[in-house]
Structure formats: structure tokens, C-alpha cells
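S.K.: Predicted model follows, preceded by the sequence.
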Amino acid sequence: MAHKSEELIIEVLDIHKSFGELEILKGISLQVRRGEVVVLIGASGSGKTTFIRCINLLEDIQGGRIRVNGRSMGYRERADGSLVRDSERNIARQRRDIGMVFQRFNLFPHMTALENIIEAPIQVLGVPRAEALEQARALLARVGLADKAMHYPSMLSGGQQQRVAIARALAMKPQAMLFDEPTSALDPETVGEVLQVMKQLADDGMTMVVVTHEMGFAREVADRVVVLDQGELIEQGPPEQIFSRPTHPRTQAFLSRVL
Amino acid sequence: MNFDWDVFWQYLLQPSGVYLTGLWLTCLISVLAMALGCVLGLAAALMRLSRNPLLNLPVRFYVWLMRGTPLLVQIVFLYTALAAGGIFRFEDVEFLGLVVPGNIQAAIIALGLNEGAYMAEIIRAGIGAVDKGQYEAGRSLGMTFAKLMRRIVLPQAFRVIVPPLGNEFNVMLKNTTLVSVIGVQELLLSTQMVTSATFRVFELYLVVAIYFLLLTTLWGFFQRWLEARFGQSDRPAPPAAGSRMFGRGTLKLLRGR
């Protein structure tokens, strides 16, 4: 396991999120230290995907605070305590620090694997093209796809697409990576290759928050497992504790269904 | 039957200068009006997507107005009615050493304004056809809205836009005949002028119909090339045959949503 520091990378404080009348997140707090791998588990509808999307401001929140690297994300607090959304430019800037991997990959279909990876470094960070290309080739090699640089996403398998998507997110040199059910849309035979890349990433010391149904991955790679249920964080701890001696009855019920 | 083959062949194969000027004007007005329509349409589509009513309400009004009134009325209104009302009169202007008559300016602007409304809807549907995940991926990489549109969304929307855009230009070529009412000497008015001198109405209208068929057929070839060209790189291209149907069908589905 890589070295863990005490430095907080992600700090989520009591966030609330509703879709209309329906309250999805009922005040969730989470702190993630540098180099830590946190795996979120829970039944579908428990709010784990919404939670991870809130960290990246892909969802508006109605209350609470999110800090990444000590900087407040996306919202400014008014004197009366209400939140106002930050300017689009500022939010875009803040998002650079966090890489995101989606369930459905969301690669840009009109670009090759290589172009997908160099797009944001060149367009957003202003990295010179030659440098971006060199870095992109190194990243493709790292996810085991050096020979697929010129392939369009439609020519790649799901597992390969997801690995390109991971490389694309890494190209921004993020402080932390968020994974939203990265293997749920994959054929069973390609799940392993993606989990392998993620495990490698964790071993290299990347700070990661992962929403997954892969309990094996959680058990093996997670430093901490967090259980969400009906929009609440009901239990968290090291994987061996959560999987062997869950204390909350709803955790026990959930694990008995999936294990 | 009163049909003179000699007149027919002569006008078809050796058109007079009046005819050639008409042909040239038809093409010029079509291209410029279409270009104007595309620019207006893109701006309108982007404004229409905004949640700010100050931006999207004027666009909805514009589209409603342009699609709800006859093009012929719009043309006459812009050129003749505005001048008659003492509001605005199109004057001849000199442009690059060339005198552009007021009625040609009015023709381009009227056709372009009308086209802009249809293009706005087409581009909006094209943008709407781009997967939401593409926006999220772009945003998560730190892109601003402008960059996201330019680099990610519009290139993908373009694939959906090209087939109906081709159809719009086809319609535009034929709609240029309407500007004959404000005295622009395009193909139809040229024909009318020649028939009033020769009285060979049957032959000459057959010739003008064939000219338009020729123009739209040539455009059809170009359109097919365009669709093949932009269907290459990404997802499997839609089948070349019947792709225009595909474009329309997709748009209808999207509008119905």
C-alpha cells in the first residue's frame, strides 16, 4: 500500500440534494486523505452515484460544503448561510483537480483514443501539442493500450474504452479520481482489465473515490468502505470490518443480499 | 400541340445572356442566403438552449413569426412594405467596385432570415441529439461552455445536421424564384421576360424547370458526398441510400420528444 498522509484532499460536509420533493442525499459528510482509496457501496437508489457526482459539481446541491485541496468547490456562502453558485469559469477551473470516470465511458466518438486524451490538456491547460502527445502515449501504455492510439472509440471494446477514459482523466494530472460504477456497463470478461488498471492506480498512490458493486475490488483495494443507504451514510470502516463484522442492521441486510 | 422544338433546344443549350445572369443570380442568392441562415440559425439555436428567458424568448418569437407567415409575404414586406411605410428603404450600395441593387440585398436578407428560423430548429435538434454524457465528460475535464460546444458538441451535432441542411439548400434553390416579385432578375423572372417577348411559354417554362432540376441534381451529388465525408470517423455512418429520410426521421423523433 502506498504512503498515506494526513492531508485532506476531499472534504464533504453535510451535503443535501433533492430532485424536487425527493430527498436523495440527507446530509452526508466524508473526508478523503491524500492517497486514500474510498469505496462507496450500497443498494441502488441509496444515493452513491448522486453523491460522487456532487463532488464534481455535475449535480447542484441544496446545502452543505465541498472542499477539494482546501478550496471550496462551486459555491460561495452568503452572509445568511445560503449558497450561491460560483461563476462557470471558476467551476470549470476547479474541476481540473478532479478526474472523473463514468459508467458509460463517455469518450468523444469523433476523436481517436489519442485525441481523446490530448484534448483537455491542450484545450484547457494549454499544454503544447508535442508534450501532450508524449504524455498521452505514456498514459495509453500505462493502461495497456499503446497499440490502440489511432482507434476510434467505436472500434474498441467496453473495457478498452473505459481504460482510455481513465487515461483521459489522468492526463489532467488530477489530485483525485472519482469512479462512478466504472465496470457496471462492461461485459463480464472485460471487467477484470479495468479493475486491474484501477488497482495499479491505487498502488501508485492516487487518491480515489469509487462507487462500485464489485465487492471483491472493495475488499482488496479499498482503505475504507463507506456504506450508503437511503441517502444517509450508515457505516464506514476498513473493508475487513465492514465485510466481516458489519454493525448496522441495514449494512448486514445489504451485504447478505450481495455477497 | 403547339411546341417548337427549335426554340426549346436553343434556349436549353444556348441560353441567352439574360438567362445566364438569372442562373448566376439564383446560385449567388441561394448560397449567400443559406450562409446567412446558418449563422443566424446557430446563434438562435444556442440562445434557444439557454435557460435565460431574455435569450430564449426572442428566439422563440422569431421562429414562430418566420415559420408562421408565408415566405412570399416576408419578402414583399421587407422590401416593398417597409419602404412604403417610410420605415426602411433598401438602397443600392457599392461593394468591391460592384453595385449591389437594393432588391438583391433585400432578397438575400429575407431568404436568410426565413432560413435562419428553420436552421435554428435543425441545429437545436442536432445539439439535442448529442448524448448528455458528452457534456458531463467535457465539463469534468474542466471545459467551459464555449469550448465544450466548439470542440465536443457541435462536431457531433454536425453529423445530424448535415442531411436536413442539404434538404434546406435544395428548398432554398427553388425558393429563390419567389424574389422575382421584388424584381430580382433570377431564373424565373428572366424566363418571364423572355416569354413576354417571344410568347413561347410552354418551351421556356420547360427549360426553366430543367435548369432547376439540373441545379438540384448537382446539389444532390454534392450532398451525398458531404454526408459520406462527415459520416466517416466516428460511429458507423448512416446508410448512404435513404440518408435524407434518416435525417428527417431523426429530427421528427427529436421534435416529438
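M.R.: Arrived safely.
S.K.: Give the phi and psi angles for the closest residue to A:Y152 other than its chain neighbours, as a check.
M.R.: Leaving aside its chain neighbours, A:Y152 sits nearest to A:T112 (5.7 Å; criterion: C-beta to C-beta, 6 or more residues apart in numbering or on different chains). For every residue, glycine as well, the C-beta is placed using N, CA and C. The main-chain torsion angles of A:T112 are listed as degrees, to the nearest 10 and equal phi -70, psi 170.
S.K.: and A:T112, what pLDDT?
M.R.: On pLDDT, A:T112 comes in at 96.
S.K.: And B:G256, by the same measure?
M.R.: According to the model's per-residue confidence, B:G256 sits at a pLDDT of 43.
S.K.: What of A:H3?
M.R.: The confidence metric pLDDT takes the value 53 at A:H3.
S.K.: Residue 90 in helix, strand or coil?
M.R.: Reading this off chain A. A:N90 falls in the helix class when you classify it by DSSP: H, G, I helix; E, B strand; the rest coil.
S.K.: please go with chain B instead
M.R.: In three-state terms, and counting by three-state DSSP, B:F90 is coil.
S.K.: I'd say it and B:Q105 touch.
M.R.: Yes: with contacts counted by C-beta atoms under 8 Å, B:F90 reaches B:Q105, the gap being 5.2 Å.
S.K.: Number of residues surrounding the closest residue to chain B within the stretch 151-259 of chain A?
M.R.: Among the residues of the stretch 151-259 of chain A, A:S154 lies closest to chain B, at 5.2 Å counting by C-beta to the nearest C-beta. With neighbours defined by other C-beta atoms under 10 Å in any protein chain shown, the count for A:S154 comes to 12.
S.K.: got it, and A:R89?
M.R.: The number of residues packed around A:R89, counting by other C-beta under 10 Å, is 10.
S.K.: got the contact list for it?
M.R.: Neighbour list for A:R89: B:T144 [criterion: C-beta atoms under 8 Å, 6 or more residues apart in numbering or on different chains].
S.K.: Would you check how far apart it and A:R96 are?
M.R.: With distances taken as C-beta to C-beta, to the nearest Å, A:R89 is found 12 Å from A:R96.
S.K.: Then B:T198?
M.R.: From B:T198 over to A:R96 the distance is 72 Å, taken as C-beta to C-beta.
S.K.: Of these two, give the one with the bigger neighbour count.
M.R.: For the pair B:T198 and A:R96, the greater number of neighbours falls to A:R96 (18 against 13), based on other C-beta under 10 Å.
S.K.: That one is in contact with A:A171, isn't it?
M.R.: No: in this structure, A:R96 is not within contact of A:A171 by C-beta under 8 Å, at 10.9 Å.
S.K.: still on that earlier bit, per-residue pLDDT, the residue of the stretch 151-259 of chain A closest to chain B?
M.R.: The model's pLDDT for A:S154 equals 93.
S.K.: I'd say B:Y135 and B:L148 touch.
M.R.: Yes: shown here, B:Y135 and B:L148 form a contact pair, counting by C-beta under 8 Å, at 6.4 Å.
S.K.: Tell me which residues touch residue 16, please.
M.R.: No chain specified, so I'll use chain A. Shown in contact with A:H16 (C-beta under 8 Å, 6+ apart): A:23, A:25-27, A:61-64.
S.K.: My question was about chain B, not that one.
M.R.: Residues touching B:S16, when contacts are defined by C-beta under 8 Å, 6+ apart, comprise B:V194.
S.K.: Please convert the buried members of the contacts of A:H16 into PyMOL selection syntax.
M.R.: What follows is the PyMOL syntax selecting those of these that are buried according to 16 or more other C-beta atoms under 10 Å in any protein chain shown:
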select buried, chain A and resi 25+61+63+64
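S.K.: Now go through the contacts of A:H16 and say which are in strands.
M.R.: Of the contacts of A:H16, the ones assigned to strands by DSSP state E are A:23, A:25-27, A:63-64.
S.K.: My guess is A:I234 contacts A:I242. True?
M.R.: No: counting by C-beta under 8 Å, A:I234 sits too far from A:I242 to count as a contact (10.7 Å).
S.K.: about what we covered before: using pLDDT, spot the least trustworthy of the ones in strands among the contacts of A:H16.
M.R.: In terms of pLDDT, the least confident member of the ones in strands among the contacts of A:H16 is A:G63, at 85.
S.K.: now that one, nearest residue through space, not along the chain?
M.R.: Once its chain neighbours are removed from consideration, A:G63 has its nearest residue in A:H16; the separation is 3.9 Å (C-beta to C-beta, 6+ apart).
S.K.: Do you have the helices of the chain handy? List them.
M.R.: With no chain named, the answer covers chain A. In chain A, the segments counted as helices under DSSP state H are A:48-55, A:88-95, A:113-120, A:129-142, A:158-170, A:188-203, A:215-221, A:239-244, A:249-258.
S.K.: You answered for a different chain; I wanted chain B.
M.R.: According to DSSP H, chain B carries its helices in the segments B:5-13, B:17-49, B:53-68, B:71-76, B:82-84, B:102-128, B:132-140, B:145-147, B:154-175, B:187-198, B:201-230, B:243-256.
S.K.: Among those helices, show me which one is buried the most.
M.R.: helix B:102-128 (a mean of 23; mean count of other C-beta atoms under 10 Å in any protein chain shown).
S.K.: That helix near chain A at all?
M.R.: No: for a cut-off given as C-beta under 8 Å from any C-beta of the partner chain, helix B:102-128 has no contacts with chain A; the smallest distance is 13.3 Å.
S.K.: can you state the direction angle for that helix and helix B:53-68?
M.R.: Calculated by axes from the mean of the first three to the mean of the last three C-alpha atoms, to 10 degrees, helix B:102-128 forms an angle of 120 degrees with helix B:53-68.
S.K.: So what angle separates the directions of helix B:102-128 and helix B:154-175?
M.R.: Regarding helix B:102-128 and helix B:154-175, their directions subtend 140 degrees when assessed with the same axes, to 10 degrees.
S.K.: Contact partners for the spatially most central residue of chain A?
M.R.: Nearest residue to the geometric centre of chain A (C-alpha atoms, centre = their mean): A:L178, 1.0 Å. If a contact means C-beta under 8 Å, 6+ apart, then A:L178 has A:52, A:55-56, A:98-101, A:208-210 as its contacts.
S.K.: What residues are bridge-paired with it?
M.R.: Bridge pairing for A:L178 (DSSP bridges) gives the partners A:M100, A:V209.
S.K.: residues in chain B within reach of chain A, list them.
M.R.: Of all the residues in chain B, those in contact range of chain A (C-beta under 8 Å from any C-beta) are B:131, B:133-134, B:136-137, B:139-145, B:147, B:151-152, B:155-156, B:233-236.
S.K.: can you do 10 Å?
M.R.: Where chain B comes near chain A, counting by C-beta under 10 Å from any C-beta of the partner chain, the residues are B:130-148, B:150-153, B:155-156, B:158-159, B:230, B:232-236.
S.K.: buried stuff in stretch A:252-259?
M.R.: Within stretch A:252-259, the residues that qualify as buried by neighbour count (16+ other C-beta under 10 Å) are A:254-255.
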